[in-house]
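Novice: I'll drop the sequence and a predicted model, then ask my questions.
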Amino acid sequence: LASKGGDTCRAIVLELYGTGNAPKDPRLIETIRRAKEVSLMVVVTSQCARGAVMARAYAVNEHLTELGVIPSMDMTTEATCAKIAYLFGKGLVPEQVAAQMMTNLRGECGSAEHTNVPGVRSVARL
């Protein structure tokens, strides 16, 4: 899937541990790298019912940040997938979708203070 890119999908959503922690498994890192090479968005959600994905909270997450993985903040996996589909459905390109993933459109994600993600903003309409 990661090597096919836009032929079969536009984004990969990874449901990880806690605040978005992932093992430093070379296979996972290489898969994310290949996905990014073919312009696939890679978004990280958490398995936790509460809390937020905080990309820079722990050193274990640094490799994900370096690879350009997008944190879903405090959105559920379902809300993350719906938001990706909505934004691509509006005709946005991956870079625009990635920027909007950290923008609160309709209350689907918390404030910047709650999620500890710099640059998060809230807008009334997209």
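Specialist: Structure's in. What do you need? Numbering: from 1, shown residues only.
Novice: how about the nearest residue to residue 88, chain neighbours excluded?
Specialist: Nearest non-adjacent residue to residue 88, counting by CB to CB, 6 or more residues apart in numbering: residue 10, 5.5 Å away. Heads up, the C-betas are built off the backbone N, CA and C, glycines and all.
Novice: who's in contact with the one you found?
Specialist: 40, 41, 84, 88, 94, 97 (CB atoms under 8 Å, 6 or more residues apart in numbering).
Novice: can you check residue 76 too?
Specialist: Neighbour list for residue 76: residue 45 [criterion: CB under 8 Å, 6+ apart].
Novice: where does it land on pLDDT?
Specialist: Residue 76 is assigned 87 on the pLDDT scale.
Novice: what does residue 34 give?
Specialist: For residue 34, the pLDDT comes out at 90.
Novice: could you pull out the strands for the chain?
Specialist: 11-16, 41-46, 70-71, 103-104, 121-122 (DSSP state E).
Novice: Could you identify which of those strands has the lowest mean pLDDT?
Specialist: Of all these, the minimum mean pLDDT falls on strand 121-122 (a mean of 44).
Novice: out of the strands of the chain, deepest packed?
Specialist: Neighbour counts (mean count of other CB atoms under 10 Å) averaged over each of the strands of the chain peak at strand 70-71, with a mean of 26.
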